[in-house]
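>>> Need a 3D model of the sequence below.
(one chain, ligands or ions: 1)
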Amino acid sequence: MGDQRLDARAGVVLEGPGSVVAVALREHLVAFFEEHHKLLETEALQLILSDPLPLALSRELLARSAEGSPFVTREMVEAVLAERRAPAPRAPASVAGLAPNANVPRPAEPFALVNEGFTGPPVASLPIAAFGALFQSRYRALARMLRGRPELPNLRPIRELRANEGTASVIGMVVSVRETPQRHHLIVSVDDESGSLDALVPKDSLGARSPFLSDEVVGLRLTFGKEPGKIPRVAHVERPDVPSTRPLGRSATPRRAIFLSDLHVGSRSFLTESWAYLIEFLRGRGPFPELAASIDYVVIAGDLVDGIGVYPRQERDLAIPDVVEQYTEVGRRLAEMPDRLTIVAIPGNHDAVSPAEPQPALPANLALLLPPNVHALANPSTFALSGVVVEAYHGRSFDDLIPAIPKASYSRPTEVMRRMLEMRHLAPIYGDRTPLAPLPRDGLVIDPAPDILVTGHAHTYGVDRYRNVLLLNASTWQAETEYQRMRNITPVPARAAVVDLANLGLVTLDFSGGRPTFGGGEP
Ligand SMILES: [Fe+2]
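Residues are numbered from 1 along each chain as shown. Presented below is the predicted three-dimensional model:
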């Protein structure tokens, strides 16, 4: 449950009953119950606060006392806690009437969080030290993937390289690349933890074909010439990449997940009608009710709301100018989906969390506005749906990677996603348009290799496959904005990707004209 994730975070920072966070949580819980016309007894509140999952417990209490007294008492809290300790009975099927397909027997929903990119800020570090730790973490995580490969013989720290070795290999983080003035070869500069190195990449070699990106980690096989003082040549470039053979995650039964992104609720250009048809479809009232009934999961790759103050004069584009009301509206719209669905949502650059990546999950006061079947996770996050490992990343780094990668464009975002997998990193470039958070662990490293990599942000739609990974740039639910017109970006909105988790077969449903039509894939 999203609550449990939030609770886990609250548990980490809750250092004592008088701490700032504890006070905020107490006030938040009181407000939460008041909003639902319940008065919380002091002893009940203390008991809730002492529970490791106070937010989940509050929801349970609220559900339990829905038609009872206006009070939440200590006894009521104790009763819920006692029930939690008892062996859990098998969950009954959804209540009839809530969804047309509620009578379909379902297995328990095996959502499992693998890891969240956001790990909490460093403790009292100077920025330069904090960024140093971040890059060290990146280097070590990616070097671990490269070490031991036969393509990188005689692997050495840079400081231990000797010019008379003939062939040796290093693992380095790219600092810069420049072209030689006459022959247009490349000179790549890399760092490791021992030193720096310049190496020459011949212009027509395989290594020169795929451009080096700042701050990516690569393995270089080097050959040293006999002439003293000459820099080594790069004979081979090895990237971390996805192993060509690895165990694949597949569901034992044909359960499905639907992938959405960039809802931008609160914007005047939110596609209300397309959304209404999406809800009808999910509730089994539209075409393809059997397909709808086989969907267990909804994944939303960020930008749940349009936000406020994200770009100059955004207020002109807003139907809901208050960010809390925008999330209330998202909560209402997600609650329209059948409540048997497990919904996983990460934030994007329009959401009300820090823009630096990795981004934390939505704060508790906003996550509580979403229905209880929503897992509000960090951006990025890795999780398993019926055994299929999904890496979900909003995609802000497209803004840096698209200009840096030939053939990449907002209309072909999967080119960038393929490169992310080769680098095993979602946003390597530091100091450009994607702000990076100096966290002690680089949560933007792609580890483990996923079965599905899903992004959004581009407001287009793209599907591709690379080394048994399904690349999916999920579509937006916002029409073209003036800003996009200005930047010559043509959105491809209101497409929903429905993926069979047993074999990763994909069907595209196109809601852009209202009632859904097959937009590709097998019916
Ligand atoms: Fe967006």
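>>> Show me which positions of stretch 441-458 end up buried.
Judged by neighbour count (16 or more other Cβ atoms under 10 Å), stretch 441-458 contains these buried residues: 441-447, 449-458. From N, CA and C alone the C-beta is placed, and that goes for glycine too.
>>> Residue in the stretch 301-450 of the chain with the shortest distance to the ion?
Nearest to the ion, among the residues of the stretch 301-450 of the chain, is Asp303, at 3.6 Å (Cβ to the ion).
>>> tell me the contacts of the closest residue to that residue other than its chain neighbours?
What sits nearest to Asp303 in space, not counting adjacent residues and going by Cβ to Cβ, 6 or more residues apart in numbering, is Gly348, at 3.6 Å. Gly348 makes contacts with 261-262, 301-304, 379, 394-396, 456-457, as judged by Cβ atoms under 8 Å, 6 or more residues apart in numbering.
>>> 7 Å instead?
262, 302-303, 379, 394, 456-457 (Cβ atoms under 7 Å, 6 or more residues apart in numbering).
>>> Just the buried ones from the residues you listed?
Buried residues within those, counting neighbours by 16+ other Cβ under 10 Å: 262, 302-303, 379, 394, 456-457.
>>> can those residues go into TSV with extra columns for secondary structure and pLDDT?
Listed next are those as TSV, based on DSSP: H, G, I helix; E, B strand; the rest coil; pLDDT from 0 to 100:
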residue	secondary structure	pLDDT
Asp262	coil	98
Gly302	coil	97
Asp303	coil	97
Asn379	strand	97
His394	coil	98
Gly456	coil	97
His457	coil	96
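>>> Just flag the most distant two among these.
By the measure Cβ to Cβ, Asp262 and Asn379 form the most distant pair in the buried ones among the contacts of Gly348, at 12.6 Å.
>>> quick one: common contacting residues for the two?
When contacts are counted by Cβ under 7 Å, 6+ apart, the set common to Asp262 and Asn379 consists of 302, 348.
>>> Now do the SS call for the residue nearest to Thr460 when sequence neighbours are not counted.
Spatial nearest neighbour of Thr460, chain neighbours left out: Val492 (4.5 Å); criterion: Cβ to Cβ, 6+ apart. Classification of Val492 by DSSP: H, G, I helix; E, B strand; the rest coil places it in coil.
>>> Can you give me the neighbour number for Val492?
The local packing count at Val492 equals 18, with neighbours defined by other Cβ atoms under 10 Å.
>>> So it is in contact with Val463, correct?
No: with contact defined as Cβ atoms under 7 Å, Val492 does not count as touching Val463 (11.4 Å).
>>> near the ion, which residues of this protein?
Within the chain, the positions lying close to the ion (Cβ under 5 Å from the ion) are 262, 303.
>>> ok, the residue in the stretch 101-250 of the chain that the ion sits nearest to to Arg255 distance?
For the stretch 101-250 of the chain, the residue positioned closest to the ion under Cβ to the ion is Gly117, at a distance of 18.3 Å. For Gly117, the distance to Arg255 equals 26 Å [Cβ to Cβ, to the nearest Å].
>>> Counting neighbours, go ahead and name the busier of the two.
With other Cβ under 10 Å as the criterion, Gly117 and Arg255 differ in neighbour count, and Gly117 comes out ahead with 28 against 22.
>>> which residues does the more buried one contact?
Gly117 makes contacts with 358, 378-381, 443-444, as judged by Cβ under 7 Å, 6+ apart.
>>> Show the contacting residues for Arg74.
Shown in contact with Arg74 (Cβ under 7 Å, 6+ apart): 41, 43-44, 47.
>>> what about the helices in the stretch 51-200 of the chain?
Listed in chain order, the helices of the stretch 51-200 of the chain (DSSP state H, counting those that start in this stretch) span 54-64, 74-85, 127-146.
>>> Output those helices in a markdown table, with mean pLDDT appended to each entry.
Conversion of the helices of the stretch 51-200 of the chain to a markdown table gives the following (pLDDT from 0 to 100):
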| stretch | mean pLDDT |
| --- | --- |
| helix 54-64 | 75 |
| helix 74-85 | 80 |
| helix 127-146 | 93 |
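>>> Assumed Ile279 was part of a helix.
Yes: remark: Ile279 belongs to a helix, assigned using three-state DSSP.
>>> The ion versus that one, what's the distance?
20 Å (Cβ to the ion, to the nearest Å).
>>> Can you tell me which helix or strand of the protein has the lowest average pLDDT?
Least confident helix or strand of the chain, by mean pLDDT, DSSP states H and E, is helix 2-13 with a mean of 34.
>>> what number of residues lie near the closest residue to Pro435 other than its chain neighbours?
Ranked by Cβ to Cβ, 6+ apart and with sequence neighbours excluded, the top spatial neighbour of Pro435 is Ala356, at 4.3 Å. Taking other Cβ under 10 Å as the criterion, the count of residues near Ala356 is 15.
>>> Now do the helices in the stretch 251-400 of the chain.
In order along the chain, the stretch 251-400 of the chain carries the following helices (DSSP H, counting those that start in this stretch): 272-282, 289-293, 323-335, 364-367, 398-404.
>>> Many thanks, we can stop here.
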